[in-house]
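Undergrad: Next comes the sequence, and after it the predicted model I'd like to discuss.
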Amino acid sequence: QLQLQESGPGLVKPSETLSLTCTVSGGSIRSSSHYWGWIRQPPGKGLEWIGSLHYGGSTYHNPSLKSRVTISVDTSNNQFSLNLTSVTAADTAVYYCARLAVREPRGDVWGQGTTVTVSS
Amino acid sequence: DIQMTQSPSSVSASVGDRVTITCRASQGISSWLAWYQQKPGKAPKLLIFAASTLQSGVPSRFSGSGSGTDFTLTISSLQPEDFATYYCQQANTFPITFGQGTRLEIK
């Protein structure tokens, strides 16, 4: 059974870089049929897609986050990562990693989520 | 970006009721729409994809319909475990976008 688990600091200072890793277990990240993505949810608000990547190299980002987002894959460790630079309080959220189908991207497997607070 | 608008934002209903939630896309997305259920403190759970295809393991009281710009999620007979927030998501083009959510509360 495929499982995803987010990890990373729960507290990040303003203007610094938020870095999270998602570890995939019970299956391979080298799936031609799936993207691996990040979605976030600010406290009390809805879901916002951050970006997705395919292990083969294709990446897609939310233009609202401009050039602050980098998503990368580590196939040797079956992980993918999120870097979000120049964070502000508006980046405080629960961050989820998820698997999405390439054809009609929908999140069919999700991590439990990790809370990241941006504060000095 | 494709904007997704759900209505209502919240709805109160009783166990056994039939409930319908609507999602409208700002431009046509064919049938590339998914629905999720989210309970407090939990990750979203995929209920329906391709507008009307039930994800494995999801009870048959959930159904979806629509194409183009207008979609609906129907719960035929509410159960206590169905009280949650529901989101639609368009899967037609990047960037992926979600509706703002519909909170389903117990009357």
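TA: Received the coordinates, thanks. Numbers count the residues shown, from 1 in each chain, chains lettered A, B, ... in the order given.

Undergrad: Up against chain B, what does chain A have?
TA: Counting by CB under 8 Å from any CB of the partner chain, the residues of chain A close to chain B are A:37, A:46-49, A:52, A:60-64, A:96, A:98, A:100-101, A:104-108, A:110-113. No exception for glycine: its C-beta is placed from N, CA and C like everyone else's.

Undergrad: how about a cut-off of 6 Å?
TA: A:46-47, A:49, A:60, A:62, A:96, A:104-106, A:108, A:110, A:112-113 (CB under 6 Å from any CB of the partner chain).

Undergrad: Which PyMOL command selects the buried ones in those residues?
TA: Under the burial definition 16 or more other CB atoms under 10 Å in any protein chain shown, those of these that qualify are selected in PyMOL by:
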select buried, chain A and resi 47+49+60+62+96+104+105+106+108+110+113
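
Undergrad: Toward the C-terminus from the helix or strand of chain A with the lowest mean pLDDT, list the very next helix or strand.
TA: Sorted by mean pLDDT, DSSP states H and E, the helices and strands of chain A end with strand A:59-61, the least confident at a mean of 93. Per DSSP states H and E, strand A:59-61 leads on to strand A:69-74 as the next helix or strand towards the C-terminus.

Undergrad: That following strand - which strands sit beside it in the sheet, and in what orientation?
TA: With DSSP bridges as the criterion, the sheet partners recorded for strand A:69-74 are strand A:79-84 (antiparallel).

Undergrad: Report the rounded mean pLDDT for the partner strand.
TA: Mean pLDDT, strand A:79-84: 98.

Undergrad: ok, now stretch A:28-48?
TA: 96.

Undergrad: got it, and stretch B:89-97?
TA: 95.

Undergrad: how far out from the middle of the chain is it?
TA: Offset of stretch B:89-97 from its chain centre (CA atoms, centre = their mean, to the nearest Å): 14 Å.

Undergrad: Just say helix, strand or coil for the residue nearest the centre of chain B.
TA: Centroid-nearest residue in chain B, with CA atoms, centre = their mean: B:Trp35, separated by 3.8 Å. Using DSSP: H, G, I helix; E, B strand; the rest coil, the structure places B:Trp35 in strand.

Undergrad: how about A:Thr23, what does it touch?
TA: Shown in contact with A:Thr23 (CB atoms under 6 Å, 6 or more residues apart in numbering or on different chains): A:Gln5, A:Gln79.
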